[in-house]
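J.: A predicted structure for the sequence below; I have some questions about it.
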Amino acid sequence: MQSHYLVPTSEIELETGLGKELLRKWRQRYGFPVLETGVEGKIGYSRNTIQVLLQIKRLMEGGFRPAQIVGRPISELERLSRAIENDKPELSVSKTTGMLLDRLKSADMTGINSLLAKERAKQTLSEFVINTVSPLIGEIGDAWSRNEIQIYHEHLCTSVIQRLLQAEILLCKPKRGYPVILFATPPQEFHALGLLMVEAVLADHGATTFCLGSHVPLNEIKLAALSVNADAVALSFSFSFPERNTRPTLKHLRHLLPSKIELWAGGSGLSSIRRPPNGISIFSNIQDAIAIMQNHAMKKPVTQNK
């Protein structure tokens, strides 16, 4: 395999959320993941290995221990993933989600745009995010784990949804008494779709929102929050964010921000946090984020539009 297909060990944590020291221990104990050498002598991990590592991380988030899954054949990992899905409450894929996924598999982006626009016209923005976008994102992840689609399919769909939600957010009208919220993802976090979905829903409910995007230095988040006179900062952590960095990141930003600015955080990357650090509100889903915002509005109403 040529070297440009290999992910360097220095980038593995960014790609998978699994530290290179952890992978070294797995390699010693379980013989996986295997390092490969390219034609130019560079050492790294193949894309196939990266996909297996992502599958392993998802299974660990589902409750499996490394000893149960590391080093297992990909077919076995896929079987375990299906078992996890079967243990969940039986949820049928909606007709709309199925149609969107079919169009995605054939890269029919025009068809996806058209169908999403039709669904948006039938619902409020919040309903569209919760009832259409969220199930679609979940099904895309499941389809990837079943090898029905490739990563580029997910990227294509993400780009369409991002453009649509960004346009919709611009049309939202802030309500008096609701907070100003600054959205961002921290350094090493490049997944921003979940954050955008929450922003769209909270904007639809009346918040004034600003979004810095992904991979933003914490001090820049602080300066931006002060600049826009934010009432709260909302961060998002995906499953690929290094677990060992979540709590330190939250605590550091909490220290940087003035006490009057609330800090909210959500995303699958926070699933391991049972007790949030002091002064931080964790939301596990969009409904939780709505509740946090409404609670803020009730206890500390904004007296003027900002």
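T.: Thanks, I have the structure now.
J.: now the strands for the stretch 101-250 of the chain?
T.: 180-184, 208-211, 232-236 (DSSP state E, counting those that start in this stretch).
J.: residues touching the spatially most central residue of the chain, list them.
T.: The structure's the chain has its C-alpha centroid closest to Ser238; by Cα atoms, centre = their mean the separation is 3.6 Å. Listed by Cβ atoms under 8 Å, 6 or more residues apart in numbering, the contact set of Ser238 reads 189, 191, 194, 267-269. Every C-beta, even on glycine, is put in place using the N, C-alpha and C of the backbone.
J.: Name the nearest residue to it, sequence neighbours excluded.
T.: His191 (3.8 Å; Cβ to Cβ, 6 or more residues apart in numbering).
J.: and that neighbour, how far is that from Phe239?
T.: Counting by Cβ to Cβ, to the nearest Å, the gap between His191 and Phe239 amounts to 8 Å.
J.: Over to Thr158?
T.: Thr158 is 15 Å from Phe239, where distance means Cβ to Cβ.
J.: for Gln28, same thing?
T.: With the distance defined as Cβ to Cβ, Gln28 ends up 25 Å from Phe239.
J.: Who has more neighbours out of the two?
T.: Taking other Cβ atoms under 10 Å, Gln28 and Phe239 do not tie; Phe239 has more neighbours (19 against 8).
J.: and the nearest residue to that one once chain neighbours are set aside, backbone torsions?
T.: Of all residues not flanking Phe239 in the chain, Ser268 sits nearest, at 4.4 Å (Cβ to Cβ, 6+ apart). When read as degrees, to the nearest 10, the backbone of Ser268 gives phi -70, psi -20.
J.: Same check on the one 5 residues further on?
T.: Summarising the backbone geometry of Ile273 under the convention degrees, to the nearest 10, its torsions are phi -80, psi 110.
J.: Please name the residues that touch it.
T.: By Cβ under 8 Å, 6+ apart, the contact set of Ile273 is 246-247, 282.
J.: Could you report the neighbour count for the residue nearest to Phe239?
T.: Applying other Cβ under 10 Å, we find 17 residues neighbouring Ser268.
J.: and it, how far is that from Val228?
T.: Ser268 is 27 Å from Val228, by Cβ to Cβ.
J.: Isn't Gly44 up against Gly38?
T.: Yes. Assessed by Cβ atoms under 8 Å, Gly44 is found in contact with Gly38 at 7.2 Å.
J.: more crowded one of these two?
T.: The neighbour count for Gly44 versus Gly38, taken as other Cβ under 10 Å, is higher for Gly44 (21 against 15).
J.: Who does the more buried one form a beta bridge with?
T.: Under DSSP bridges, the beta-bridge partners of Gly44 are Pro8, Glu36.
J.: who are the neighbours in contact with it?
T.: Gly44 touches 3, 6-9, 35-36, 38, counting by Cβ under 8 Å, 6+ apart.
J.: What score does it have for pLDDT?
T.: Listed pLDDT for Gly44 reads 89.
J.: and what of Ile69?
T.: At Ile69, pLDDT is 86.
J.: returning to that earlier point: please tabulate the strands of the stretch 101-250 of the chain in a markdown table, including the columns distance to Asn278 and mean neighbour count.
T.: Shown next, in a markdown table, are the strands of the stretch 101-250 of the chain (distance: least, Cβ to Cβ, whole Å; neighbours: other Cβ atoms under 10 Å):
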| stretch | distance to Asn278 | mean neighbour count |
| --- | --- | --- |
| strand 180-184 | 20 | 25 |
| strand 208-211 | 25 | 20 |
| strand 232-236 | 16 | 26 |
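J.: could the ones you listed go into CSV alongside mean pLDDT?
T.: Shown next, in CSV, are the strands of the stretch 101-250 of the chain (pLDDT from 0 to 100):
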stretch, mean pLDDT
strand 180-184, 98
strand 208-211, 97
strand 232-236, 97
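J.: Reformat those strands as TSV; add distance to Leu80.
T.: Below are these laid out as TSV (distance: least, Cβ to Cβ, whole Å):
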stretch	distance to Leu80
strand 180-184	35
strand 208-211	36
strand 232-236	27
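J.: right, and those strands - which one's nearest Phe128?
T.: Nearest of those to Phe128, taken as Cβ to Cβ: strand 208-211 at 16.4 Å.
J.: Neighbouring strands - and their directions - for that closest one?
T.: With DSSP bridges as the test, strand 208-211 pairs up with strand 180-184 (parallel).
J.: How about residues contacting the partner strand?
T.: 195-196, 198-199, 202, 207-214, 216, 221, 224-225, 228-236, 264, 293, 302, 306.
J.: In contact with the residue nearest to Ala289 when sequence neighbours are not counted, which residues?
T.: Leaving out its chain neighbours, the residue that sits closest to Ala289 by Cβ to Cβ, 6+ apart is Phe283, at 4.2 Å. Taking Cβ under 8 Å, 6+ apart, we find Phe283 in contact with 198, 264-266, 289, 291-292.
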